[in-house]
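> Could you look at this predicted model? Sequence included:
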Amino acid sequence: MTVLSRALRRQRGRITASVALVCLHQTAEAMVPVAIGLIIDRAVATSDTPALLISLALLAGLFTILAMAWRFGSRIGNEAVEREAHLLRVEIAGRALDPRGQRSGMRDGELLSVVASDTEQAVQAVRAVAFIAAACTALVVSAVALIVVEPLLGIGVLLGVPLVVLGLQSLAPLMTRRSEAQQAALAATTALAVDLLSGLRVLRGLGAQHHAAGRYAGASGRALTDTLRAATTKGVHLGLTTAVNGLLLATVAGFAGWFAIQGRITVGELVAVVGLAQFIAEPVQTLGFCVQLLATARASAGRVTRVLDAKPRVEPGTAGVPAPGPARVEIDQVGYGELDGLTLRLHDGEILAVLAGSPREADELLTLLTGGVSRDDYRGTVRIDGVPLEDLALDTARQVVLVERHDVTLFAGTVRANITLRGELDDAVVSAAVANAAAEEVPLDQDLVERGANLSGGQRQRLALARALATDPPVLVLHDPTTAVDAVTEGLIADRLAGARDGAGRATLMVTSSPALLRAAHRVAVLDGGRVVAEGTHDQLVASDERYRSAVLR
Amino acid sequence: MNQLLPVAGPRETWRAFGAEFARMPRLSTIAAALLIGAAASMLVAPWVLGRLVDAVIAGAGLDEVIGHALVIGAASVVGGLLTAAGAAVAARLGETVVARLRERVMDRALHLPTATLERTGTGDLVARAGDDVAVVANVLTGGGPALVNALLSVVLTAGGLFALDWRLGLAGLAAVPGYALAMRWYLPKSAPYYTRERIVAGERSQAMAGALHGAATVRAYRIEADQVGRIADRSEAARDLSLDVFKLYTRFSTRMNRAEYFGLAAVLIAGFLLVRYDLASVGAATAAALYFHRLFNPIGFLLMEADTFLQVNASLARLIGVANLPGRATPPVSSEPVDSGLEVVVREHRYDGGPAVLSDIVLKVAPGERVALVGASGAGKTTLAAIAAGIIPPSDGDVALGGVPLADLGEERVRQRIALVSQEVHVFAGPLATDLRLARPDAGDDEMVAALERAGAGDWFRALPDGLATEVGEGGHRLTSAQAQQLALARLVLAGPAVAVLDEATAEAGSAGARDLDRAATAVTEGRTTLIVAHRLTQAAGADRILVMDHGRVVEEGSHETLRQAGGRYARLWTAWEH
């Protein structure tokens, strides 16, 4: 288990200290019943006042050791766990956001749950290690104490208790299964409630609330059945544990009493033996619990490792920023997904619009331009300023070509911070970009929540455009930047965008079906079946191409 | 900010919660008897062990020792049986109460009066029906039996200590001030910590969710290092706070150990004195010490879990607050609407005393007629549509269906007759058929397929891997926004209302997709009295009549052709639209 071994390596000092202290704590815990027996024997039964005072002082010492060992041992152990979880979280976040991408095959949602919950589960293995060490210590100490008192009883208890507890543990898999089913049913009920209430306005529009309530009641009833099944199993286990522990105690008490009347052990030793017999069940149960803890931790550690060990999606080159060429982007005979022999040039100073034949085509063209596709996964060549894309360092490629995708993401922070993602910019630059994206009505100092959820879809879209314009990359690639904007504003944006991106040193590629943007472009390339089937200005194409007309006109 | 839903006071909470148990009196009595019996049987062993010690000191024979051992064994078997039965019965009782509570909360939440919902938003509701229900269910299911068990153990063991010898019992009370001081020290400190811990943990996961969700943007703008740094900062803050909270917790447990020591020492000293002056036997002193040692675990559990139970208490108060809202009320049947004609008069409408958003509107839609609302954003189209659908009552005005005011019909009967498909698109998670059946639970497969076909969803529906059984929504097959809107139209077909109000934005669909949606909207409203909010002018062109709105007033009215030829605002809009 690599996660565990990394943790053990990185948190070596803390884990060692914690294990030592927690073992000391367990030893002290085991000594409490022994101490009670000794005090009864030496002080209470004999009415010996000095012995009572000395033993109470010693008991205070025992409690101090017990309390301090736990306080610092568990604290240091907890620190090891929390620190390791933090390190893992940051490492995984780094992998998930690696510029080169990663091939773990996990979707965003899965990655998020790996970062959020699996890291925490996986490091529980560290806790389990400490528990196991402590439980073993407690067992050894109790065994020694018992054997010192009376070897026969000691050996009997040492063999009997683990057998009984491990026997009871055989119910554990069934309990785990049932309680997992119960957890799943409860989680499903919660998810259903959240889902139905998130769509409450939709339900209300149709008067479908009572159908929804009925559906929830059904799910709640099923969760109840699963919960009761799990609770009954747990109850049976609890009852069995109670009965068996009691029978064990009765047996030990019987034999210890017999030995006591024979004079082989004292009354105090009788009390100590009985107390130890009860205590010993605890560390054995802890061991059983650790087995389960390790099992869950292992599943999570597997997922964590899958992300940490995932290979990057692309192997980028190392070339730096090339000198601007006459053709900023050259796509030659590219085959990738639905793209089939696509050849397209984006010249310096040009605003080129691409009308995609299908959403996948559009998406694949954009993904290709981000440099996020492995060289082995596409045919043909893509050149940026004359240099093959795969030879450029990713940072360079993305510095030259900025792809602002349709699926807009804003981040928590001010509007201004979202526009100046790459670092502070002049006020003039920011306000020009905001004006060109027709987003003036959003105050720059407004605070956004995560994903900009406190803005309307249209505002988010225009801010993303403003952010791209403010960054002012040599090559800007946009995808349907105005779909959530009304027609009048769309026309305004098309004009200003064309003005802002005009001139030498810049080139712009827009994948769009908006007539306003298509008209604002210098040239329109129409894709179908993965290649360019028609080219010209918007007006030429409207005049000459019936299919173009039906695809873009309203 | 939004007003929140009601929260029940402590007394109301426990009364409502207690009333649920009172509804199952027999089960409650049996559960209580079993749990008390189980806890009581646990007292037998230490007591008999004390007797055994006395017997050994008095020089008893083997048969007496065996007798004591047999009593312990028998008590254990009985205790085991009672424990198992008690756990099962208590679960049946407690879990049924929790299930009923969550169902009632959800029922009230779903039927929240429109006015309340508009004021509170759905966020608070979702948090209550989701998080709070989960907290109550998880803690009561996982910790409830243990809590009851620990409580009973403490009470009965303490009672046993007194029954053994009241002086030994009094000595045991020496632990109480220590425990009380520990709690008084801990609780006020921990509560704000836990609140902050939850907030910081929330910020941490939001930072991660934001960055991962926006991975494409993060890469495009080459801000990977910034984002990972932000995540690291939040994670570090959350880690440090967790460490502090744990530190506090360990200091608390030291104080508990101290209380344990004082209690145990007091019991031993009292035993010592009582034995010395022949007021009690060594066996009684032994039993008392063993009793007291047995109290450590349950008391520790109760005190350590105290804040969890405070948290449940808070969640419960929030749940009872919703559960105690009045149920849905349907006014007695007045008169049936004579037809599906809709009459809307809004003299004025304001939101919460704000500026007037609608004024002087008279809108009559004849049965089967199709009317479109046109105007710039902010002209009041969506508000008027919501008023016409009976979702929002106008602050000054009347809405009637077939001659009957909507208020007389009651919300439920209105919704059976008038459906609103709003801009809010939601695909319900689960099989597609389950989503569709929300509109009509008894719909057969063929009806659902026909509804999808009519909504123009036939093509993509046939391409789904498992047809109607395909999982859609969160975590399932992702539908595009255009497909989700077609699904909403299919639900409308299944619900089959006489009046349809459509306020769906089709912008995201792109030109070709928008045309498909327009066609689908026309198809599904065929034969119904229809009011369409036209976000695209083409939606208006096919309507029988068009109302052009501006700043909350109707400024033009007529058919597409009439308005176009009139050369007014609509004509200008149309020219701009058509280019």
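Looks like it arrived, so ask away.
> in which helix or strand would I find the residue in chain A positioned nearest to chain B?
In chain A, no residue comes nearer to chain B than A:Gly246, which is 2.1 Å away by CB to the nearest CB. Glycine gets a C-beta too; all of them are placed from N, C-alpha and C. Assigning secondary structure by DSSP states H and E places A:Gly246 in helix A:209-261.
> what does stretch A:239-252 rub up against?
Stretch A:239-252 is contacted by residues A:153, A:156-157, A:160-161, A:164, A:167-168, A:171, A:273-274, A:277-278, A:281, B:38, B:42, B:45, B:69-70, B:72-73, B:75-77, B:79-85, B:87 when judged by CB atoms under 8 Å, 6 or more residues apart in numbering or on different chains.
> which stretches of the stretch 351-500 of chain B have low pLDDT?
Confidence mapping of the stretch 351-500 of chain B against pLDDT under 70 gives the ranges B:377-378, B:475.
> and it, which residues reach chain A?
Contact residues, the stretch 351-500 of chain B versus chain A (CB under 8 Å from any CB of the partner chain): B:376-377, B:389, B:391, B:412, B:414-416, B:419-422, B:424-426, B:428-430, B:434, B:437-441, B:473-475, B:480, B:488, B:491-492, B:495, B:497.
> hmm, back to that, check the burial of the residue of chain A closest to chain B by counting its neighbours.
Using other CB atoms under 10 Å in any protein chain shown, A:Gly246 has 24 other residues around it.
> returning to that earlier point: buried subset of the residues of the stretch 351-500 of chain B next to chain A?
The neighbour count (16 or more other CB atoms under 10 Å in any protein chain shown) marks B:389, B:391, B:414-415, B:419-422, B:424-426, B:428-430, B:434, B:437-440, B:473-474, B:488, B:491-492, B:495, B:497 as buried among those.
> list the contacts for the nearest residue to B:Gly61 once chain neighbours are set aside?
Nearest residue to B:Gly61, sequence neighbours excluded (CB to CB, 6 or more residues apart in numbering or on different chains): A:Ile261, at 7.3 Å. Listed by CB under 8 Å, 6+ apart, the contact set of A:Ile261 reads B:Val56, B:Gly59, B:Ala60, B:Gly61, B:Leu62, B:Val65.
> Which of those residues fall within helices?
Residues of the contacts of A:Ile261 located in helices (DSSP state H): B:Val56, B:Leu62, B:Val65.
> and chain A, which of these reach it?
Near chain A, by the rule CB under 8 Å from any CB, you find B:Val56, B:Leu62, B:Val65 out of these.
> Turn the buried ones among those residues into a named ChimeraX selection, would you?
Selection of buried members from those for ChimeraX, criterion 16+ other CB under 10 Å:
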select /B:56,65
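> which residues of the stretch 351-500 of chain A fall in helices?
Taking DSSP state H, counting those that start in this stretch as the test, the helices found in the stretch 351-500 of chain A are A:359-369, A:394-400, A:415-419, A:427-436, A:457-471, A:487-500.
> Which residues does A:Ile351 form beta bridges with?
A:Thr508 (DSSP bridges).
> contacting residues for it?
For A:Ile351, the contact set (CB under 8 Å, 6+ apart) comprises A:Ala498, A:Arg501, A:Asp502, A:Ala507, A:Thr508, A:Met510, A:Ala520, A:Ala521, A:His522, A:Arg523.
> need the helix or strand of chain A with the lowest average pLDDT.
One helix or strand of chain A scores below all others by mean pLDDT, DSSP states H and E: helix A:108-113, with a mean of 71.
> Sweet, I'm off.
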